[in-house]
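# Here is my input, please return the structure:
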Amino acid sequence: MNRRHFLMAGAAAGAALAAPMLVTRRAVAAEPRAPLPIPPLIDVDDGAGNTLTARAGTREFFPGVSSRTLGFSQDYLGPTLRFVKGRTAKIAVENGVDAPITAHWHGMHLPGHLDGGPQLAFGPGETWAPELPIDHPAATLWYHSHVHGETATQVYRGLAGMILLDDPEIDVPLPRTYGEDDIPLIFQDRLFQRGVMTYDLGHMDQMAGFQGSDILVNGTLRPALTVPAGLVRLRLLNASNARTYEFGFSDGRAFQQVASDGGLLPAPQTMTGLHLSPGERAEIVVDFSDRRAVRLVSADIAGGMMGGGSMGGMMGGGNGTVDTLDILSIEVSQRTARLSGPLPARLPATLPDLGAPVRTRDFTLNVHSGGMMGSMLNNLIGRDGQTMGINGSSYDMGRVDFHAPLGETERWRINADMMAHPFHVHGASFLVTRMGGQAVDPQTIGLKDVVHVDGQTEILVRFDKPAMPEAPFMYHCHILEHEDRGMMGQFTVG
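From the prediction side, this is the model:
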């Protein structure tokens, strides 16, 4: 038994002791099939009037039961922002809540002082008004608050939204009418107790990441979407704190992935299932010309990023069964879609040639817990009593972990010492060359800014935007409870 498996077995024992707590995480039945809400769309340009206001509110996720929430310019979540490559986007972010916030433009290629990371938090009553030079391929991105130690809570309560980035120089042969055949889908699992959205963080939640009892889509429980008959583009965003999804359709139909985190793939990839860990995005095109109703579903992966090993099995009850989560009902109208199949064999996208790496950096994502198990893991791994860390050290806002020269390609080798993690890098997109110790073809995965790390993972990354010590870039696990507890580092570029 190697060290990783031994640690997993020890963690599974702790999970087994915590199993009775998990039984309580079942919601009362919600009325399904409410219409899917489409977030309002704001075209952000270089003019005035583009404002996001973080504010506190309430939302009835269950009829007659109010939950306290946060949102950008609305009670929960925020509008979809549309930026255009080659233009400057002026946007003012007002803080109308009672705690510091940030607005992190997740996935965008921006200098560090515009990135919206933890060093750029601003307090109640203050306004941050950056001018963002949009220099990024067409893509589905997102924005969320990123205050160190509070990211999990603030995103859970609703400080997040989607970004659409368009490139006017590229004719994309895909559905593109927002809310009609181009649909934003924001997935979040939330815990409801007597119908009230609750963030009840226990010991195992800190170790494994918080998972809820029900799935929201655009802030609504098990909604229904009506689409035209033909090709429909679904933009999928996993905005959950820790849950991983394995998406598919209830009738097993195939679909085509056309984009990942950083933009379009060079060619559509036909599949029947899609893995999305926290922070990841994907665009898929589905053919509904048969006019059959169908459901978007996901495997209920017990233990989230724990996977199917000892901990995942224990948390799932030990019988190896996997339940199915009903996510979204889809019905087809009598209208005909603007586009019909098939998609072209190639898409107007070319992955960058990053060349040979100048240097290699190694990162190990460290997890341990408190109490007896924490003492055991400390002895094994050599921690300093930290809850989470990277390369044995927890995040320190006053420490820059390394400097990356501007414009040089690097190979990053990322390992997880106990469980799988979604690893996110600010300031650039990267190419994945190995996952789980196996070589992969970046052409089929595309440009990424989050990668699922389960076994040795290798990426090629080049930073073309500067970041100074007062506003460095971050690298971290995108299980939000993990980054809040120290599984994060920061670096400068120049």
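# going forward, measure contacts and count neighbours with C-alpha atoms only.
Will do.
# show me where the stretch 201-350 of the chain has helices.
203-208, 310-315 (DSSP state H, counting those that start in this stretch).
# for the stretch 1-150 of the chain, same thing?
Along the stretch 1-150 of the chain, counting by DSSP H, counting those that start in this stretch, helices occupy 3-23.
# low-confidence ranges in it?
Filtered on pLDDT under 70, the stretch 1-150 of the chain yields the residue ranges 1-32.
# Would you state the strands of it in chain order?
For the stretch 1-150 of the chain, the strands defined by DSSP state E, counting those that start in this stretch cover 41-43, 51-62, 65-72, 80-84, 88-90, 92-95, 104-106, 127-128, 131-133, 139-144.
# Listing partners with orientation, what would you give for the strand ranked longest in the chain?
The longest strand of the chain (DSSP state E) is strand 323-336. Sheet pairing for strand 323-336, assigned by DSSP bridges, gives strand 224-229 (parallel), strand 294-300 (antiparallel).
# how about the strands of the stretch 251-400 of the chain, start to end?
Using DSSP E, counting those that start in this stretch, the strands of the stretch 251-400 of the chain run over residues 255-260, 263-271, 274-276, 281-287, 294-300, 323-336, 359-367, 388-390.
# Figure out which of those strands is closest to Thr58.
strand 323-336 (22.8 Å; CA to CA).
# Can you name the secondary structure element that comes next after the host helix or strand of Thr444?
Using DSSP states H and E, Thr444 falls within helix 442-445. Per DSSP H and E, helix 442-445 leads on to strand 450-453 as the next helix or strand towards the C-terminus.
# who's in contact with that next one?
Residues outside strand 450-453 that contact it (CA atoms under 8 Å, 6 or more residues apart in numbering) are 261, 277, 279-280, 414-416, 420-425, 432, 435-436, 478.
# cool, and stretch 119-132?
By CA under 8 Å, 6+ apart, the residues outside stretch 119-132 that reach it are 46, 88-102, 110, 113-114, 146-147, 397, 470-472.
# what about 6 Å?
88-102, 471 (CA atoms under 6 Å, 6 or more residues apart in numbering).
# Please point out which parts of that stretch sit buried.
119-123, 127-128, 130, 132 (16 or more other CA atoms under 10 Å).
# Dig out what the residue nearest to Ile390 when sequence neighbours are not counted forms beta bridges with.
In space, and not counting its chain neighbours, Ile390 is closest to Leu365: 4.7 Å by CA to CA, 6 or more residues apart in numbering. Bridge pairing for Leu365 (DSSP bridges) gives the partners Ile390, Ala416.
# Kindly state the beta-bridge partners for Val286.
Val232.
# separation between it and Leu174?
11 Å (CA to CA, to the nearest Å).
# what is in contact with these two at once?
Counting by CA under 6 Å, 6+ apart, Val286 and Leu174 have no common neighbour.
# follow-up on the earlier one: show the average pLDDT along the longest strand of the chain.
The average pLDDT for strand 323-336 rounds to 95.
# Name the residues that touch it?
If you take CA under 6 Å, 6+ apart as the criterion, strand 323-336 is touched by 222-229, 291, 293-300.
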